[in-house]
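Trainee: could you work out the structure for the sequence below:
(one chain, ligands or ions: 2)
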Amino acid sequence: MKTQVAIIGGGPSGLLLSQLLDKKGIDSIVLERKTRDYVLGRIRAGILETGFVNLMREAGVSDRLDAESFAHDGTIISNGDDQFHIDFKELTGTNVVVYGQTEVTRDLYDAREAMGGKIVFNVDDVQICDAKSDAPYVTYSVGGEPARIECEFVAGCDGFHGVSRRTIPDEVRKEYEKVYPFGWLGILSETPPVDDELIYSNSKNGFALCSMRNSNLSRYYIQCSLSDSVDDWTDDAFWKELKRRIPKDAADRLVTGPSIEKSIAPLRSFVTEPMRWGNLFLCGDAAHIVPPTGAKGLNTAASDIHYLNNGLVQYFLEGSSAGIDAYSEKALARVWKAERFSWWMTSLLHRFPEQNAFDLKMQQAEIEFLRTNRDAQSVMAQNYVGLPY
Ligand code: APR
Ligand code: PHB
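Mentor: Ligands and ions are numbered 1, 2, ... in the order given. Below you'll find the predicted structure:
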């Protein structure tokens, strides 16, 4: 097989890139390790920046998103029983939207199918070959049958555990990582959200987050020990602990119910540099990971895809390599700002095992400064709604 761009990974990054390229008449093939249903079975976050929404509109995949998403003009930060509101709309003139990232992926799969996009599922043993040459190719197997794709470029959209990042030689790659000493225990419940907006809570018992998918599907998280397992937490134990960590008024009105999904996720900050090696480009989780506190995972993958799509369109339609040559530096500039914000919000709102009395005072002073200073709130709001591409 031949294509212009071989895309490794059929998650939101790979699918969005394939769709955007197709809209400009640029051919791609997506290689996905799992099945479509498996990919769509992943529970993911639900906050989208306007920049991501605009990309979905550019890709022609925003009908359901525009119809079913709802705007959040701000968020609530709580510190013990104190709480205050950060007004994104008033501070930045824009907002975020709530729409499940699983639904984003579903919409992208439907769009690729409608356009006859080429996606190969259940691939094994993907290898990216001759990425530094002018004739890179990808080998893989499906159903035990070997296959090969000749291409001009490879987009590594295969997530943190994919093959793309590891294709760049160790002596070329520089990796930066911070692993946090706690996880997030999350549940999904068919109950009405506890508030119209999200509640990010720092309590003496640890972090909690009250989020949602729609008016009868709520998503809640509590900080937990890395030694915890889901089996350690009955639904009742989760609800009891969540109520201890959110303001009393919210705890009193919280509607509990059986969990329809319950899982524990570790928290990590990670960046690999460069995001380009020859004709291989890394996008999304293949290149960087953020702790979910700032809801920056998909929203940072989006700007990677924006830059790479523009660069590839410029190359194929105008014959200029300026965009792809600038990709890594341009993408990393925004990646590191998202990493900083995600680290800052995580440091602000979680209780760390090694925190001493002074550390706690610093954290409380930071929250109090955010509560009382408009400029501090503006900085947070600008980062949360999404920095410019
Ligand atoms: N070959 C083919 N496919 C692979 C391989 C491989 N060797 N390794 C991984 N994959 C596939 C995975 O099965 C997955 O479907 O690549 C895809 C990567 O998707 P994600 O991990 O979702 O990464 P990405 O598309 O960059 O999504 C970025 O979206 O939902 C949010 O918060 C989430 O931060 C994440 C963001
Ligand atoms: C979610 O709804 O899953 C969610 C929302 C905001 C976050 C993280 C997760 O910061």
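Trainee: around ligand 2, which positions in the stretch 201-350 of the chain sit nearby?
Mentor: Residues of the stretch 201-350 of the chain that fall close to ligand 2, judged by C-beta under 6 Å from any ligand atom: 209, 211, 219, 292-295. Using the backbone N, CA and C atoms, a C-beta is placed for each residue, glycine as well.
Trainee: next, format these as TSV and append pLDDT, distance to Gly116 and secondary structure.
Mentor: Below are those laid out as TSV (pLDDT from 0 to 100; distance: C-beta to C-beta, whole Å; DSSP: H, G, I helix; E, B strand; the rest coil):
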residue	pLDDT	distance to Gly116	secondary structure
Leu209	98	40	strand
Ser211	97	36	strand
Arg219	97	35	strand
Pro292	97	35	helix
Thr293	97	39	helix
Gly294	95	37	helix
Ala295	96	33	coil
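Trainee: farthest-separated two in those residues?
Mentor: Arg219 and Gly294 (15.6 Å; C-beta to C-beta).
Trainee: spatially nearest residue to the spatially most central residue of the chain, not counting backbone neighbours?
Mentor: Against the mean C-alpha coordinate of the chain, by C-alpha atoms, centre = their mean, the closest residue is Gly297 at 1.9 Å. Setting aside the residues directly before and after it, Gly297 is nearest to Val290 in space (C-beta to C-beta, 6 or more residues apart in numbering), at 5.8 Å.
Trainee: next one: that neighbour relative to Asp107, how far apart?
Mentor: 23 Å (C-beta to C-beta, to the nearest Å).
Trainee: more neighbours: which of the two?
Mentor: Val290 (26 against 22; other C-beta atoms under 10 Å).
Trainee: who touches that one in this structure?
Mentor: Residues near Val290 by C-beta atoms under 8 Å, 6 or more residues apart in numbering: 269, 296-297, 300, 338-339, 342-343.
Trainee: so it versus Tyr180, what's the distance?
Mentor: Remark: distance between Val290 and Tyr180 (C-beta to C-beta) = 11 Å.
Trainee: next SSE after the top helix by length along the chain?
Mentor: As assigned by DSSP state H, the longest helix anywhere in the chain is helix 322-349. Using DSSP states H and E, the helix or strand that follows helix 322-349 in sequence is helix 357-372.
Trainee: now do the buried residues in that next one.
Mentor: 363, 366-367, 370-371 (16 or more other C-beta atoms under 10 Å).
Trainee: ok, now stretch 235-254?
Mentor: Buried residues in stretch 235-254 (16+ other C-beta under 10 Å): 238-239, 241-243, 245-247, 250-251, 254.
Trainee: do stretch 256-271 as well
Mentor: Across stretch 256-271, burial judged by 16+ other C-beta under 10 Å covers 256, 259, 262, 264, 267, 269-271.
Trainee: need these in a markdown table with secondary structure, distance to Asp124 and pLDDT, can you?
Mentor: Formatted as a markdown table, those follow (DSSP: H, G, I helix; E, B strand; the rest coil; distance: C-beta to C-beta, whole Å; pLDDT from 0 to 100):
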| residue | secondary structure | distance to Asp124 | pLDDT |
| --- | --- | --- | --- |
| Thr256 | coil | 43 | 98 |
| Ser259 | strand | 33 | 97 |
| Lys262 | strand | 30 | 96 |
| Ile264 | strand | 28 | 97 |
| Leu267 | strand | 30 | 98 |
| Ser269 | strand | 30 | 98 |
| Phe270 | strand | 25 | 98 |
| Val271 | strand | 28 | 98 |
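Trainee: helices along this structure, start to end?
Mentor: Using DSSP H, helices in the chain cover 12-23, 36-40, 50-58, 63-68, 88-92, 101-114, 164-167, 235-245, 248-253, 297-318, 322-349, 357-372, 374-385.
Trainee: get me the contact residues on the stretch 101-250 of the chain for ligand 1.
Mentor: Close to ligand 1, as judged by C-beta under 6 Å from any ligand atom, the stretch 101-250 of the chain has residues 101, 123, 126, 157-159, 161-163.
Trainee: do that again at 8 Å, thanks
Mentor: 101-102, 104-105, 123-124, 126, 140, 157-164 (C-beta under 8 Å from any ligand atom).
Trainee: among the buried residues of stretch 235-254, which two are most distant?
Mentor: Top of the distance list for those (C-beta to C-beta): Phe238 and Pro247, 17.7 Å.
Trainee: pick out the residue of the stretch 101-250 of the chain closest to ligand 1.
Mentor: Nearest to ligand 1, among the residues of the stretch 101-250 of the chain, is Gly159, at 2.7 Å (C-beta to the nearest ligand atom).
Trainee: need the contact list for that residue.
Mentor: Contacts of Gly159 by C-beta under 8 Å, 6+ apart are 9, 11, 284-286.
Trainee: and what of Leu108?
Mentor: Contacts of Leu108 by C-beta under 8 Å, 6+ apart are 12, 15-16, 19, 59, 61.
Trainee: where do the strands sit along the stretch 101-250 of the chain?
Mentor: 118-120, 123-129, 137-142, 145-150, 153-156, 174-189, 199-203, 206-214, 217-224 (DSSP state E, counting those that start in this stretch).
Trainee: comparing those, which comes out most buried?
Mentor: Among these, strand 153-156 has the highest mean neighbour count (mean count of other C-beta atoms under 10 Å), at a mean of 29.
Trainee: quick one: low-confidence ranges for this protein?
Mentor: For the chain, applying pLDDT under 70 flags no range at all.
Trainee: hang on, Ile8 packs against Val138?
Mentor: Yes - taking contacts as C-beta atoms under 8 Å, Ile8 lies within contact range of Val138: 7.1 Å.
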